[in-house]
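Asker: here are the coordinates; sequence isn't available:
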């Protein structure tokens with residue numbers, strides 16, 4: 001009987017050790033290892049200096065101008081880069097202003113870029129009317145939709161509370177902004193957006209989510225957050241497979257009178 005107990009104890013501790021080893025191996029498998037930094041460590045600074053590939057040179061200009069490699073979507077008196085969402089054969093009918101901006105034409109419908117995009121850096125400037133009208137979601141409400149599906153909210157939230165996942169600079173119904181960085185009503189806001197598109201397999205299943213970073217008037221308000229699907233007013237996000245798609249600006253249909261200017265985009269590899 002004594003030998004039986006010894007055998008049981010041996011098996012117990014062997015299993016315990018094996019289980020511990022298995023957990024440790026699993027944890028080790030999750031550790032990030034950089035192959036390019038393995039092997040014998042360099043002993044001189046020259047061994048870790050790279051001279052290729054040389055990044056392309058981009059000319060930057062005053063704040064109101066686009067970088068030299070950007071696609072300009074609006075910076076003058078023309079909406080030539082935009083068409084109606086409802087009928088892409090029809091030019092955008094929004095209102096061109098004398099100050100080289102344009103304003104939503106109420107109930108004329110959303111507009112979209114002629115060109116379609118994937119990964120991008122997007123800059124746009126928008127302004128709510130100085131004359132306050134409406135409240136909650138009906139005050140200077142618009143939105144910029146990446147790939148026609150994923151909305152960054154535009155809204156005048158100055159002294160105008162609403163649901164926080166629908167306030168200015170939210171990823172609509174998904175991500176609350178880290179801060180509210182609005183300028184006074186009637187002044188120009190800037191959005192600088194870094195967007196990476198989702199990826200889908202051959203069967204149409206999403207294998208990598210889109211991500212987005214948003215700076216509102218220079219303040220980080222969305223920090224590389226995951227876009228979990230479309231951003232509907234009602235219902236859950238949807239994840240139907242798609243490729244490149246246009247940028248859409250929203251006509252909220254409630255006389256929100258949002259204006260835009262200086263819109264440009266850089267395509268990212």
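Answerer: All right, it came through fine. Only a predicted model underlies this, so the values are computations on that prediction, with no experimental measurement involved. Numbers count the residues shown, from 1 in each chain.

Asker: how close does residue 226 get to residue 181?
Answerer: From residue 226 across to residue 181, the span is 22 Å (Cβ to Cβ, to the nearest Å). Any C-beta I mention is one placed from the backbone N, CA and C, and that applies to glycine too.

Asker: ignore what I typed, I meant residue 78.
Answerer: From residue 78 to residue 181 the distance is 30 Å (Cβ to Cβ).

Asker: which other helices and strands contact the helix or strand that contains residue 153?
Answerer: Residue 153 is located in strand 150-154, with elements delineated by DSSP states H and E. Applying 3 or more Cβ pairs under 8 Å, 6 or more residues apart in numbering; DSSP states H and E, one finds that strand 150-154 contacts strand 142-146, strand 188-196, strand 210-216.

Asker: and those strands: which comes nearest residue 98?
Answerer: With Cβ to Cβ as the measure, strand 188-196 is the member of those nearest residue 98 (15.5 Å).

Asker: list of residues touching stretch 208-218?
Answerer: Residues outside stretch 208-218 that contact it (Cβ atoms under 8 Å, 6 or more residues apart in numbering): 146-147, 150, 152, 168-169, 171, 177, 179, 181-183, 189-199, 220-228.

Asker: buried only: go through those for me.
Answerer: 146-147, 150, 152, 168-169, 171, 177, 181-182, 189-198, 221-222, 225, 227-228 (16 or more other Cβ atoms under 10 Å).

Asker: part of a strand, is residue 47?
Answerer: No: with DSSP: H, G, I helix; E, B strand; the rest coil as the criterion, residue 47 is helix rather than part of a strand.

Asker: and it, how far from residue 162?
Answerer: Between residue 47 and residue 162 the distance is 56 Å, computed by Cβ to Cβ.

Asker: so residue 230 is in contact with residue 150, correct?
Answerer: Yes: in this structure, residue 230 is within contact of residue 150 by Cβ atoms under 8 Å, at 6.8 Å.

Asker: coming back round to it: between residue 47 and residue 162, which one's more packed in?
Answerer: Using other Cβ atoms under 10 Å, the more surrounded residue of residue 47 and residue 162 is residue 162, with 18 against 9.

Asker: these two touch, right, the more buried one and residue 156?
Answerer: No: with contact defined as Cβ under 8 Å, residue 162 does not reach residue 156; the gap is 10.1 Å.
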